[in-house]
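# sharing a model prediction with you, sequence too.
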Amino acid sequence: MEVLINNQNAAPSLLKQTMHPANHWIALKLVGVRSNRGALGAKVRLTAGSRTQYDEVRSGGSYLSQNDLRLHFGIGDARRADRIEILWPSGQRQVLRDVSPDRVLIVEEPPLAASRN
């Protein structure tokens, strides 16, 4: 992960990790189809090993700033995420299993399931 700091009356500062971390991570970039394109309000539950983490896509930050809309999960020494459950703003639920780490995964909201009579 990198951090860019916009300093007042000075040049910006870039904090960049130069060592390869020993632990693993997964970042999710959610793309809404039925929901809003930015997937604002989508809720995610990620389970890797014995740990479960929760996050939600939120917009905004503070004055003249914007937070990254991607969700970043640190999964420690786990070799994969066992289960990622996404609750989209449309109410649709999506489950991903056995997701490999150390990458940004782009997940598009599935189209509306065909209704059954």
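Cool, the structure landed. Numbers count the residues shown, from 1 in each chain.

# quick check: mean pLDDT of stretch 12-29?
Stretch 12-29 shows a mean pLDDT of 90.

# distance between the ends of it?
26 Å (CA to CA, to the nearest Å).

# roughly how far is it from the heart of the chain?
Mean C-alpha position of stretch 12-29 versus that of the full chain (CA atoms, centre = their mean, to the nearest Å) differs by 14 Å.

# what's the answer for stretch 59-74, then?
Distance of stretch 59-74 from its chain centroid, counting by CA atoms, centre = their mean, is 11 Å.

# for that stretch, buried residues please.
Residues 69, 71, 73 are the ones in stretch 59-74 that count as buried (16 or more other CB atoms under 10 Å). Yep, even glycine has a C-beta here, placed from its N, CA and C like the rest.

# can you flag which of those residues belong to strands?
Using DSSP state E, 71, 73 are the members of these that sit in strands.

# reformat the buried residues of stretch 59-74 as JSON lines; add pLDDT.
Putting the buried residues of stretch 59-74 into JSON lines (pLDDT from 0 to 100) gives the following:
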{"residue": "69", "pLDDT": "93"}
{"residue": "71", "pLDDT": "97"}
{"residue": "73", "pLDDT": "97"}
